[in-house]
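Peer 1: When you get a sec, could you give me coordinates for this:
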Amino acid sequence: MIDLYAANSSNSQRVAIMLEECGIDYEVHRVDLSRGEQRSDTFLQLNPAGAVPVIVDPDAPGGSMTITQSGAILLYLAMKTGRYFPKDPAMRARAFEWFMFAASDFSSYSTMLFLANAVLPDKSDANAGFFEERLARYLGVANARLEGRQFLADELSIADFALYPVVRVRYALVERDGKLAHLTKWADALAARPGIARGIAAVA
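Peer 2: So this is what the prediction gives:
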């Protein structure tokens with residue numbers, strides 16, 4: 001059984017979704033970010049960066065392994081199970097491309113928007129608006145990709161699991177735009193998957 005150290009965050013949701021969809025037994029250990037538990041000595045032994053999620057897989061090749069970074073965990077689980085990791089080289093390349101779009105481009109601006117609105121000591125509507133504009137543009141990019149296809153890499157993959165939780169938390173921007181029908185259809189289809197619903201609930 002895999003131990004998942006997580007909080008109610010998009011990054012943690014990614015991993016819980018992947019575990020559910022792969023049918024892997026896991027136990028959630030909730031990390032209370034508001035109380036600073038991610039900075040405790042105990043947690044820092046798991047991840048010196050003091051961030052969730054973290055998994056500990058006692059059945060990893062070569063013995064128990066601790067893995068951090070949601071993207072790295074998704075890749076590890078995909079390779080471990082052979083699932084949601086296209087076998088066709090061209091489709092796999094596309095899955096990697098959109099996986100990185102989700103994990104770096106889109107997620108970075110979502111994080112920056114959160115920081116601008118809630119964390120930075122000097123709040124600025126202009127700065128928050130800048131990040132919202134970038135996120136809206138990336139939503140449009142994803143929407144265009146999904147025109148005429150069900151999933152980002154044509155088959156359900158880690159790319160979809162990486163992007164969905166971030167789109168979900170920024171869904172107000174999707175609704176505000178009102179012209180992202182392909183992205184909306186994709187998000188609705190993923191939301192209806194029992195494994196995805198269970199994964200999100202597991203770390204809520």
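
Peer 1: so which helix or strand takes in the residue nearest to Phe85 when sequence neighbours are not counted?
Peer 2: When the adjacent residues along the chain are set aside, Phe85 lies closest to Ala78, with 3.7 Å between them (C-beta to C-beta, 6 or more residues apart in numbering). (C-beta placed from N, C-alpha, C; glycine too.) Assigned by DSSP states H and E, Ala78 belongs to helix 70-81.

Peer 1: So which residues make contact with that helix?
Peer 2: 11-12, 14-15, 18-19, 22, 24, 53, 55, 57, 60, 67, 84-85, 99-100, 103, 157-158, 161-162 (C-beta atoms under 8 Å, 6 or more residues apart in numbering).

Peer 1: Buried subset of those residues as a PyMOL selection?
Peer 2: The PyMOL command for the buried members of the contacts of helix 70-81 (criterion: 16 or more other C-beta atoms under 10 Å) is given here:
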select buried, resi 11+12+14+15+18+19+22+24+53+55+57+67+84+85+99+103+157+158+161+162
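
Peer 1: out of the contacts of helix 70-81, which are inside strands?
Peer 2: 55, 57, 67 (DSSP state E).

Peer 1: Go through those and say which is closest to Arg94.
Peer 2: Distances from Arg94 to these, taken as C-beta to C-beta, are shortest for Ile67 (24.3 Å).

Peer 1: What residues are bridge-paired with the closest one?
Peer 2: In this entry, Ile67 is beta-bridged to Ile55, by DSSP bridges.

Peer 1: ok, it to Ala197 distance?
Peer 2: In this structure, Ile67 and Ala197 are 24 Å apart, going by C-beta to C-beta, to the nearest Å.

Peer 1: which residues touch Glu155?
Peer 2: Each residue near Glu155 by C-beta under 8 Å, 6+ apart is listed here: 86, 91.

Peer 1: Give me the local confidence score for the residue lying farthest from the centre of the chain.
Peer 2: In terms of distance from the mean C-alpha position of the chain, Asp122 ranks first, at 28.1 Å (C-alpha atoms, centre = their mean). pLDDT, the model's per-residue confidence, is 85 for Asp122.

Peer 1: Equivalent analysis for Phe131, please.
Peer 2: Here the pLDDT value assigned to Phe131 is 89.

Peer 1: wait, isn't Ala181 in contact with Asn143?
Peer 2: Yes - under the criterion of C-beta atoms under 8 Å, Ala181 is in contact with Asn143, at a separation of 7.5 Å.
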